[in-house]
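Enquirer: just coords:
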């Protein structure tokens, strides 16, 4: 009786191993697809902040200059060319808002990564 029970359980460990490896593989592939998109978005947020700070610092730059800088850097950060950019003066500070959606291919699903960030200059706009 004991021998028959062990014969039926032989493949159980192998099946659990295959399922575990498959799940780890799917998680690794998902991370491989998602992490670069999220990381470049994080770097682009930092670039946006630097740009509005440079524009606000004397002698100052126009909002059009900020838009031009952000659009020029879009390719470096894998930002889609159809991104929405708006720059305005809010209470004496420059505020740049960028929004875009980027598809991320996950196993059996396309995730829409939505980027919506507003960078506000840390100093007041000088002489504008």
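Expert: Yes, it's here. Computed from a prediction, not measured in an experiment: that's the story for all the values here. Residues are numbered from 1 along each chain as shown.
Enquirer: which residues does residue 79 contact?
Expert: Listed by C-beta atoms under 8 Å, 6 or more residues apart in numbering, the contact set of residue 79 reads 40, 44, 73, 98, 100, 102, 115. Heads up, the C-betas are built off the backbone N, CA and C, glycines and all.
Enquirer: report the beta-bridge partners for the fourth one.
Expert: Listed by DSSP bridges, the beta-bridge partners for residue 98 are residue 85, residue 117.
Enquirer: distance of the residue most central in space within the chain from residue 32?
Expert: For the chain, the residue nearest the mean C-alpha position is residue 38 (2.7 Å; C-alpha atoms, centre = their mean). Counting by C-beta to C-beta, to the nearest Å, the separation of residue 38 from residue 32 is 12 Å.
Enquirer: for the chain, what's the longest helix?
Expert: Longest among the helix segments of the chain by residue count, using DSSP state H, is helix 2-56.
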